[in-house]
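Enquirer: Give the three-dimensional model of this entry:
(one chain, ligands or ions: 1)
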Amino acid sequence: MLIAENIIKSYGDLQVLKGINLHVKQGEIVSIVGASGAGKSTLLHILGTLDTPDGGSLQIKGQPLHRGMNARELSRFRNSNIGFIFQFHNLLPEFTALENAAMPGFIADNRPEEQVRQEATALLQKLGLGQRLHHKPGQMSGGEQQRVAVARALINKPALVFADEPSGNLDSHSADELHHLFFQLREEMGQTFVIVTHNQQLADMADFKYEIEDGVIL
Ligand SMILES: Nc1ncnc2c1ncn2[C@@H]1O[C@H](COP(=O)(O)OP(=O)(O)OP(=O)(O)O)[C@@H](O)[C@H]1O
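Expert: The predicted structure follows:
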């Protein structure tokens, strides 16, 4: 599903990633841990094609990425194959839960809007938000907002979901619920998850836990 080899990245004189190798198979849930500043978010952004490495290679679903693909092709690939969940969910405040969750489906523009709306409704119901479809983010709790962000990440049925501190902003009960949700979604929809987290419990629940230290995976 994902093969990253010898990924290198520097910011000025600071060499953050010094040759990262990572293989993730379809349906795996993988966690990435490491000290603050170790380069976890940098790596996740490169794996998610949001940022480019200085060196190394990345393949997702057999497709070599970064080299030889222009920004438009890359963004099309990303939109149909990859979902993102961030610590700060970045929901659009003036749109409802349903509209926020449906947005990447509207952007993909590969099926009728009404179908996207129905898919978003079904996903939000699955995530326990059937009574919150028409609420705006400001009218929902942090845990509810994060579940809307999960629905938004899944609306285009991406094979691969990247999560950066997905529960970093949640109380422990909502965090537990979210973590179990990832495993439930993997069972039901077969998604692959790569999760950066400081949450030890989540890191340990993963099929594989990788630790970044001094720019490499231990
Ligand atoms: N755009 C940038 N320009 C310059 N330096 C950067 C940039 N982004 C990250 N860095 C630096 O690269 C290093 C790795 O940052 P990164 O955000 O990947 O760490 P992290 O492991 O995710 O940390 P945390 O757990 O605190 O989120 C840090 O020293 C950071 O200051």
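Enquirer: And the average pLDDT for the helix or strand where Lys18 lies is what?
Expert: Using DSSP states H and E, Lys18 sits within strand 14-24. Averaged across strand 14-24, the pLDDT comes to 96.
Enquirer: neighbouring strands for that strand, and are they parallel or not?
Expert: strand 2-11 (antiparallel) (DSSP bridges).
Enquirer: List the buried residues in the partner strand.
Expert: Within strand 2-11, the residues that count as buried by 16 or more other C-beta atoms under 10 Å are 2, 4, 7-9. Every C-beta, even on glycine, is put in place using the N, C-alpha and C of the backbone.
Enquirer: tell me the mean pLDDT for that strand?
Expert: On average, strand 2-11 scores 96.
Enquirer: close to the ligand, is that strand?
Expert: Yes. Looking at strand 2-11 against the ligand by C-beta under 6 Å from any ligand atom, the contacts come from Tyr11.
Enquirer: hmm, who's touching that strand?
Expert: 15-24, 39, 42-43, 46-47, 51, 53-60, 160, 192, 194 (C-beta atoms under 8 Å, 6 or more residues apart in numbering).
Enquirer: and it, how far out from the chain's middle?
Expert: 18 Å (C-alpha atoms, centre = their mean, to the nearest Å).
Enquirer: how about that strand as PDB, C-alpha atoms only?
Expert: Listed next in PDB are the C-alpha coordinates belonging to strand 2-11 (Å, rounded to 0.1, in the frame of the first residue of the first chain):
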ATOM      1  CA  LEU A   2       2.700   2.500   1.000                       C
ATOM      2  CA  ILE A   3       6.500   2.100   0.500                       C
ATOM      3  CA  ALA A   4       8.700   4.900   1.600                       C
ATOM      4  CA  GLU A   5      12.500   4.500   1.100                       C
ATOM      5  CA  ASN A   6      15.300   6.600   2.300                       C
ATOM      6  CA  ILE A   7      13.200   9.700   2.800                       C
ATOM      7  CA  ILE A   8      15.400  12.800   3.600                       C
ATOM      8  CA  LYS A   9      14.200  16.200   4.600                       C
ATOM      9  CA  SER A  10      16.000  19.300   5.900                       C
ATOM     10  CA  TYR A  11      14.900  22.800   6.900                       C
END
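Enquirer: Near the ligand, which residues of the protein are found?
Expert: So the chain meets the ligand at 11, 14, 16, 34, 36-42 (C-beta under 6 Å from any ligand atom).
Enquirer: Farthest pair within those?
Expert: Greatest spatial distance among the residues of the chain next to the ligand (C-beta to C-beta): Tyr11 and Gly34, at 16.5 Å.
Enquirer: Tell me which residue lies farthest from the centre of this protein.
Expert: Asp13 (28.7 Å; C-alpha atoms, centre = their mean).
Enquirer: From the ligand, how far out is that one?
Expert: Going from Asp13 to the ligand by C-beta to the nearest ligand atom, to the nearest Å gives 10 Å.
Enquirer: which SS class is the residue nearest the centre of the chain?
Expert: The structure's the chain has its C-alpha centroid closest to Phe162; by C-alpha atoms, centre = their mean the separation is 2.3 Å. Judged by DSSP: H, G, I helix; E, B strand; the rest coil, the three-state class of Phe162 is strand.
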